[in-house]
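A.B. asks: prediction below, plus the sequence it came from.
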Amino acid sequence: MACLALKAKVLHNGKWREEDASVLVPGDIISIKLGDIVPADARLLEGDPLKIDQSALTGESLPVTKNPGDGVYSGSTCKQGEIEAVVIATGVHTFFGKAAHLVENTTHVGHFQKVLTAIGNFCICSIAVGIVIEIIVIYGIQKRGYRVGIDNLLVLLIGGIPIAMPTVLSVTMAIGSHCLSQQGAITKRMTAIEEMAGMDVLCSDKTGTLTLNKLTVDKNMIEVLAKGCDKDMVVLMAATASRLENQDAIDAAIVSMLADPKEARAGIKEIHFLPFNPTDKRTALTYIDGVGKMHRVSKGAPEQILNLAHNKLDIEQKVHSIIDKFAERGLRSLGVAHQEVPANDKDSPGGPWEFVGLLPLFDPPRHDSAETIRRALDLGVGVKMITGDQLAIAKETGRRLGMGTSMYPSSSLLGQNKDDAFSALPMDELIEQADGFAGVFPEHKYEIVRRLQARKHICGMTGDGVNDAPALKKADIGIAVADSTDAARSASDIVLTEPGLSVIISTVLTSRAIFQRMKNYTIYAVSITIRIVLGFMLLTVFWKFDFPPFMVLVIAILNDGTIMTISKDRVKPSPLPDSWKFSEIFATGIVLGGYLALMTVLFFWAAYETSFFPKHFHVRDFNQNHFNMTDDKVSSKLKEQLASAVYLQISTISQALIFVTRSRGWSLTERPGLLLVAAFVIAQLIATVISAVADWKFAGIRSIGWGWTGVIWLFNIITYMLLDPIKFAVRYALSGRAWNLVVNQRTAFTNKRDFGREAR
């Protein structure tokens, strides 16, 4: 295995020796030449510039130029040149080492566990308060028996604890995960779904995600310098000077501009092709046309093509101005020249070269990227471009995509290397306002995500390479795009199977729908805890009414068992990022639960203390004042019938509450899922039959007949009608906005200064 270790050529005691890269220390002088993998972070000494491939660090496939005094980073590859350098960092202190260290030391604590803990603690505290009050009243004031007290405490424990909550939420996420996989998003961590619903900032890689990672020519911007030529002729000449097989990225981009690649050789006879080399920096093709004349065309670096031109001095200023114009917009320039070869000899220098034109090369945005970003903004998700490419290219891409050009170089980010030009801006504010950052390395991406999280943003990060792994791991939602490396997939939470960002938008919408189901259930669960604890506590304290624990168990089995169908419920995704808001969950739960508890108390009072129901609906009388309550048999029978009535009243209105908590507006206008309706109907039909005909001595209930069941359903329907207005009142009290949800179910995200942009 030693032979596989990375080697470095090191200057020791005036002699060059080859040693393992692992023994290098800062201060060592090393030699870097064509094909070498840079063994450590180093600073270039005197010599000619290098071409360095930093794709392992930045994800950008095209090499960058490094001049003497510039830094090169461990893991990058030398593509051209030879120079000496001094080592400045090794091991875990290199950029690459820091990236690996960031991945290893990043831990993720999901919001889901925090939510379960918070809601669980709230329910337990509510139950504990009810239990303490009942113990004081039952044993201290009412002086009742030990068994009676235990039964009443069991009612609060069995009915108050949301035993189905972990199962319901987990099943909802599991079904949602399956749904996402069908849309092209494989979920590795299910809790990432609820975090995706709250995502308000998406940091996206540029190359291959927002763009095609495929060079192309912007035909509208081609500059023609030769008389008698047009843009099509410039393209044809450039294609003629390109390979048709074994193409590099530039050849492929040029030839793809033709309707048929065969046009590049149509009507000519190829004599000699000069391939690209680092010295000449151009390609050339010598050919004979249809009338037997020999020509030569060449394409390559504009400076090299300009040096060929016979009229260099006349056109030099114009060519440089065009190159600068392209560069300002992040476009790479490609020059094209033509000459005749009168001697008809391929080795002949030929006649004067004519500079034909300049072509701008650009990695174009995906066809759906601009629309995807617009939809993301409408959904309240700000998109920031995080790229290893040059700043000018990043700005041009942002301009074309409509995502803004407020972008900054990576030098504006980190401590000691921070650019003084940006030092006046607070770091967090700079990151929050920026539309993107260019020239970034893994540590920069990690820092951007960390700072956004510190500003209470739910941050998503897309990436495809080793360089993205630390940020993917750190982000609330790490998204590995299609064809990403194993390292990126390992560090991510969601893996996309389709290219581009469009699948992310559908994933966001689906995640919000899934989250909406979970939030609907949590509000329901909190409400039920409050209504059970408060309702039964009041009945016990004021009327010494002992509800049988077995019937609370029946309520739990029927209602909690069938409520799992909410995982397939039909819901409307939130128009804006949604997250766990405990104030909303607890406030809504307390108010709705308290209202239902008071309605149960009102029902019990009307049935037990008055003759209202018998008088108006001609049902049997449960008014205690009309019975000899000193007779144990009479008293027991009456309370068993009341227990049956209270059971049905609580069971039906409690489960009906889910239709209120699941809706953003009026519950009767938002059609629920068929499974949820079927589950409610089945569960409450069973409850109605039990209440109407069951005489269960062991359970402490006695049948009340169909008349009373009809009265209870009518009472609960009236009770239900006030639930929506109460829900709106709570929402208004919390946010000051409720009526817009009564009338308009959805509001589009159109103008917001957040995420670094003015109103659009």
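C.D. replies: Yep, that arrived.

A.B. asks: please make it C-alpha for all contacts and neighbour counts, starting now.
C.D. replies: Will do.

A.B. asks: next, count neighbours for the nearest residue to residue 164 once chain neighbours are set aside.
C.D. replies: Distance criterion Cα to Cα, 6 or more residues apart in numbering; nearest residue to residue 164, sequence neighbours excluded, is residue 560 at 5.9 Å. As a burial measure, residue 560 scores 20 neighbours (other Cα atoms under 10 Å).

A.B. asks: surely residue 560 is in a helix?
C.D. replies: Yes. Using DSSP: H, G, I helix; E, B strand; the rest coil, the assignment for residue 560 is a helix.

A.B. asks: quick one: it and residue 166 touch, right?
C.D. replies: No. Applying Cα atoms under 8 Å as the test, residue 560 and residue 166 come out as separate, 11.4 Å apart.

A.B. asks: what sits against residue 586?
C.D. replies: Shown here is residue 586, whose contacts under the criterion Cα atoms under 8 Å, 6 or more residues apart in numbering are 523, 526.

A.B. asks: before we move on, what about residue 330?
C.D. replies: Per Cα under 8 Å, 6+ apart, neighbours of residue 330: 362, 390, 391, 392, 393, 394, 395, 396.

A.B. asks: now the two most distant members of the residues you listed.
C.D. replies: 362 and 391 (13.6 Å; Cα to Cα).

A.B. asks: any stretches of the stretch 601-750 of the chain with poor pLDDT?
C.D. replies: Residue ranges of the stretch 601-750 of the chain with pLDDT under 70: 736-750.

A.B. asks: would you map the helices across it?
C.D. replies: Using DSSP state H, counting those that start in this stretch, the helices of the stretch 601-750 of the chain run over 612-617, 632-661, 674-693, 705-721, 723-735, 739-743.

A.B. asks: residue 298 is nearest to which of these?
C.D. replies: Across the helices of the stretch 601-750 of the chain, closest to residue 298 is helix 739-743 (Cα to Cα), at 65.3 Å.

A.B. asks: following element in sequence after the longest helix seen in the chain, please.
C.D. replies: The helix that spans the most residues within the chain, counting by DSSP state H, is helix 502-543. Next in sequence after helix 502-543, counting helices and strands by DSSP states H and E, comes helix 549-555.

A.B. asks: what's the distance between that following helix and the middle of its chain?
C.D. replies: 42 Å (Cα atoms, centre = their mean, to the nearest Å).

A.B. asks: helices or strands next to that helix in the packing?
C.D. replies: The helices and strands touching helix 549-555, judged by 3 or more Cα pairs under 8 Å, 6 or more residues apart in numbering; DSSP states H and E, are helix 146-160, helix 632-661.

A.B. asks: state the distance from residue 710 to residue 685.
C.D. replies: Remark: distance between residue 710 and residue 685 (Cα to Cα, to the nearest Å) = 12 Å.

A.B. asks: please apply the same query to residue 557.
C.D. replies: Noted for residue 557: a distance of 14 Å to residue 685, by Cα to Cα.

A.B. asks: packing partners of the helix or strand hosting residue 232?
C.D. replies: According to DSSP H and E, residue 232 maps onto helix 231-240. Contacts defined by 3+ Cα pairs under 8 Å, 6+ apart place helix 231-240 against strand 223-224, helix 249-255, strand 294-300, strand 332-340.

A.B. asks: tell me what angle that helix forms with strand 294-300.
C.D. replies: Per axes from the mean of the first three to the mean of the last three Cα atoms, to 10 degrees, the angle that helix 231-240 makes with strand 294-300 is 90 degrees.

A.B. asks: next, the buried residues of helix 231-240.
C.D. replies: Judged by neighbour count (16 or more other Cα atoms under 10 Å), helix 231-240 contains these buried residues: 231, 234, 235, 236, 237, 238, 239, 240.

A.B. asks: spatially, which two of those are the most separated?
C.D. replies: 231 and 240 (14.2 Å).

A.B. asks: with the flanking residues excluded, which residue is spatially nearest to residue 284?
C.D. replies: Leaving aside its sequence neighbours, residue 284 sits nearest to residue 298 (Cα to Cα, 6+ apart; 4.1 Å).

A.B. asks: number of residues surrounding the one you found?
C.D. replies: Applying other Cα under 10 Å, we find 28 other residues in the vicinity of residue 298.

A.B. asks: thought it was touching residue 282?
C.D. replies: Yes. Judged on Cα under 8 Å, residue 298 makes contact with residue 282 at a distance of 6.7 Å.

A.B. asks: what residues are shared contacts of these two?
C.D. replies: Common neighbours of residue 298 and residue 282 (criterion: Cα under 8 Å, 6+ apart): residue 305.

A.B. asks: reformat the helices and strands packed on helix 231-240 as a markdown table; add mean pLDDT and distance to residue 384.
C.D. replies: Output for those, formatted as a markdown table (pLDDT from 0 to 100; distance: least, Cα to Cα, whole Å):
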| stretch | mean pLDDT | distance to residue 384 |
| --- | --- | --- |
| strand 223-224 | 93 | 32 |
| helix 249-255 | 86 | 27 |
| strand 294-300 | 94 | 34 |
| strand 332-340 | 92 | 23 |
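
A.B. asks: between the ones you listed, which gets nearest to residue 657?
C.D. replies: Going by Cα to Cα, the one of the helices and strands packed on helix 231-240 nearest residue 657 is helix 249-255, 61.1 Å.

A.B. asks: okay, the helix or strand following the closest one in PDB with CA atoms only?
C.D. replies: As assigned by DSSP H and E, the chain's next helix or strand after helix 249-255 is strand 269-274. Backbone C-alpha positions of strand 269-274 (Å, rounded to 0.1, in the frame of the first residue of the first chain) are rendered in PDB as follows:
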ATOM      1  CA  LYS A 269     -11.000  17.700 -47.900                       C
ATOM      2  CA  GLU A 270      -9.100  17.600 -44.500                       C
ATOM      3  CA  ILE A 271      -5.300  17.800 -45.000                       C
ATOM      4  CA  HIS A 272      -4.000  18.300 -41.500                       C
ATOM      5  CA  PHE A 273      -5.400  19.000 -38.000                       C
ATOM      6  CA  LEU A 274      -3.300  20.800 -35.300                       C
END
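
A.B. asks: give me the mean pLDDT for strand 269-274.
C.D. replies: For strand 269-274, mean pLDDT is 90.

A.B. asks: stretch 145-156 too?
C.D. replies: So the average pLDDT for stretch 145-156 ends up being 92.

A.B. asks: with only the CA atoms kept, save stretch 41-54 in PDB.
C.D. replies: Only the C-alpha atoms of stretch 41-54 are listed here, as PDB (Å, rounded to 0.1, in the frame of the first residue of the first chain):
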ATOM      1  CA  ASP A  41      -1.500  23.900   0.800                       C
ATOM      2  CA  ALA A  42       1.400  25.900  -0.600                       C
ATOM      3  CA  ARG A  43       2.300  29.400  -1.900                       C
ATOM      4  CA  LEU A  44       3.800  29.700  -5.400                       C
ATOM      5  CA  LEU A  45       7.400  31.100  -5.600                       C
ATOM      6  CA  GLU A  46       9.000  32.700  -8.700                       C
ATOM      7  CA  GLY A  47       8.200  31.300 -12.100                       C
ATOM      8  CA  ASP A  48       5.600  31.100 -14.800                       C
ATOM      9  CA  PRO A  49       1.900  30.800 -14.000                       C
ATOM     10  CA  LEU A  50       0.300  27.400 -13.500                       C
ATOM     11  CA  LYS A  51      -3.100  26.000 -14.700                       C
ATOM     12  CA  ILE A  52      -4.600  24.300 -11.700                       C
ATOM     13  CA  ASP A  53      -7.700  22.000 -11.700                       C
ATOM     14  CA  GLN A  54      -9.500  22.700  -8.400                       C
END
